[in-house]
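J.: Mind looking at a prediction? Sequence and model below.
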Amino acid sequence: MLTADLARSRTRNGSVEPLFIDPAKSQYRETAQELIDIFEDHLGEPKGDLEETIDQLTIADTDYKIVQGLAKLLTDECEFETVAAADPQEIRQALFAKANESYPIVRQPTLGDDTQRLEVYSAVADKLGISLEECYRGMYADLEDNKLLVRFADRTVDKYAGDGSSSTTRLTGDSEETYAEDTISVDWMLTRYNLALAQAVLYDATQMRIRVWDHFNTVFSYVKLFGLMHRIYPIDETGERVESTDVAAGYEAILDGPASLFSKSRKYGIRMANLLPALPLCDRWEMEAEILDGDGGSTNSGSLMFELDHTDGLSSHYSDQDEFDSDLERTLAQKWERATTDWELRREDDVLDLGAQVMIPDFAVEHPDGRRAILEIVGFWTPEYLEEKLAKIEATELDHLLIAVSDRLECSATDVEEVSDQVLWFKSGIHVYDVVDLAEEFALETDGQKFHSH
């Protein structure tokens, strides 16, 4: 994604609008192709040389932010590694120790007529079993500018595979994004740039409202993947809320943003921005967001409206799939496979009615004798959010619904006035047998039938 300094937007009439570019314009297509060529030409070369070449292109182009923004997106598709014949820290320590016997060694020595320096390097190279050149080049190979570009999109430098320590720049919250394709093209790059401009606006969102009329299971899987607090409502064809899922044409989700939390979290803002690419997977979608205007810490800060929908020409680089696990859910499923219990953990795709709201739980926990419980994982929350969810569950008498709640935000049961016995608190991960114990207590007889299927 783009950093805040590379974002481009304007505000007018109480709204904020990203400054999208026209992907069909030749000037942008030429710049995009030139950048792609630069990255491909620098495979196997130091990161510092790559950045210097990009800076030279930026100087020649008047659209500084656009060039740097496009370059940032390409950098997100790269891996840089420390490549050295020996550990650079070990080389430095050996050189400094050897040089200290006579005089300090400089950071950039000249291996010419200086016989003493040459002797230092030669002695250390022999000791480490590497060549003189490898000793010289490896001394500072772990500096960021000296790391080598070993992968760009689907292209890699085979001779460096497995060498050194990998340093990837991809930033996607807690879990890696799933990409529909890895091949970089001009069209991919320019449409991805417009999407990134829209994502940057959402860093300071206080609330997001999304409406989807298709592929909603995929969209809500990404909502859960990025740990976003949400409330889901059934809607009709016009976007108006309806009483139940039986007459729903789509779903609306209200997502609380980072600025609405008890402490503003940039990490949470990135998660919300990461959700946006899931929306263009739908044929019909709408998004409205309230954006903090000005300093988040100012009591005089107002808000701006930000709106997008399927007519804005955005495209997604995410995979369109019905099942999508977060790291937490995937780990629980793996633990369950190794556990010795008659209870089975299954992916759940039912929509549960909670009165005016609905819920799409994460798992079903089923026993061969016909008992069944539903498991919902809440990984990011405020006391108010959790209290509201528990109240909705209690009102609809879903006695078989279990809720696993993370306390990683330094919240606990004492922060919630009324905590149901159906809530399981966890820290770094969910324990299988804790879930089994709750299932034993709260599961209902189902005779193999699901509840509230849609």
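T.: That came through, no problem. Numbering: from 1, shown residues only.

J.: Tell me where the stretch 151-300 of the chain has helices.
T.: 186-201, 216-225, 266-275 (DSSP state H, counting those that start in this stretch).

J.: As JSON lines, those with distance to D320 would be great.
T.: From N, CA and C alone the C-beta is placed, and that goes for glycine too. Shown next, in JSON lines, are those (distance: least, Cβ to Cβ, whole Å):
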{"stretch": "helix 186-201", "distance to D320": "15"}
{"stretch": "helix 216-225", "distance to D320": "6"}
{"stretch": "helix 266-275", "distance to D320": "15"}
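
J.: Now mean pLDDT and mean neighbour count too, for those helices, in JSON lines please.
T.: Formatted as JSON lines, the helices of the stretch 151-300 of the chain follow (pLDDT from 0 to 100; neighbours: other Cβ atoms under 10 Å):
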{"stretch": "helix 186-201", "mean pLDDT": "94", "mean neighbour count": "21"}
{"stretch": "helix 216-225", "mean pLDDT": "86", "mean neighbour count": "22"}
{"stretch": "helix 266-275", "mean pLDDT": "80", "mean neighbour count": "21"}
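
J.: Let me know which of those helices is the nearest to Y140.
T.: For the helices of the stretch 151-300 of the chain, the distance to Y140 is smallest for helix 266-275, at 31.6 Å, taking Cβ to Cβ.

J.: chain center to the closest one: distance?
T.: 7 Å (Cα atoms, centre = their mean, to the nearest Å).

J.: okay, the residue nearest to P280 when sequence neighbours are not counted: pLDDT?
T.: Nearest non-adjacent residue to P280, counting by Cβ to Cβ, 6 or more residues apart in numbering: S316, 4.1 Å away. On pLDDT, S316 comes in at 91.

J.: my guess is S316 meets C282, correct?
T.: No: with contact defined as Cβ atoms under 8 Å, S316 does not reach C282; the gap is 9.2 Å.

J.: the more surrounded of those two?
T.: More crowded of S316 and C282, by other Cβ atoms under 10 Å: C282, with 21 against 18.

J.: What separation do you get for that one and L225?
T.: With distances taken as Cβ to Cβ, to the nearest Å, C282 is found 16 Å from L225.

J.: returning to that earlier point: residues in contact with the residue nearest to P280?
T.: Going by Cβ atoms under 8 Å, 6 or more residues apart in numbering, S316 touches A180, L195, P277, A278, L279, P280, L281.

J.: State the pair within those that is farthest apart.
T.: Pairwise over the contacts of S316, using Cβ to Cβ, the maximum falls at A180 and L279, 14.4 Å.

J.: hang on, the earlier thing: please narrow the contacts of S316 to those residing in strands.
T.: Within the contacts of S316, no residue falls in strands by DSSP state E.

J.: neighbours around S428, how many?
T.: 8.

J.: Am I right that it is in a strand?
T.: No: read with DSSP: H, G, I helix; E, B strand; the rest coil, S428 is coil and lies in no strand.

J.: what's the pLDDT at it?
T.: S428 is given a pLDDT of 79.

J.: cool, and the one 5 residues further on?
T.: Per-residue pLDDT puts Y433 at 95.

J.: so how far is A373 from it?
T.: 14 Å.

J.: and those two? which has more neighbours close in?
T.: Taking neighbours as other Cβ under 10 Å, Y433 and A373 compare with A373 leading, 27 against 12.

J.: helices and strands around the strand or helix carrying the more buried one, which ones?
T.: Here A373 sits within strand 371-378, counting by DSSP states H and E. Judged by 3 or more Cβ pairs under 8 Å, 6 or more residues apart in numbering; DSSP states H and E, strand 371-378 is in contact with helix 327-338, strand 363-366, strand 401-406, helix 432-442, strand 444-445.
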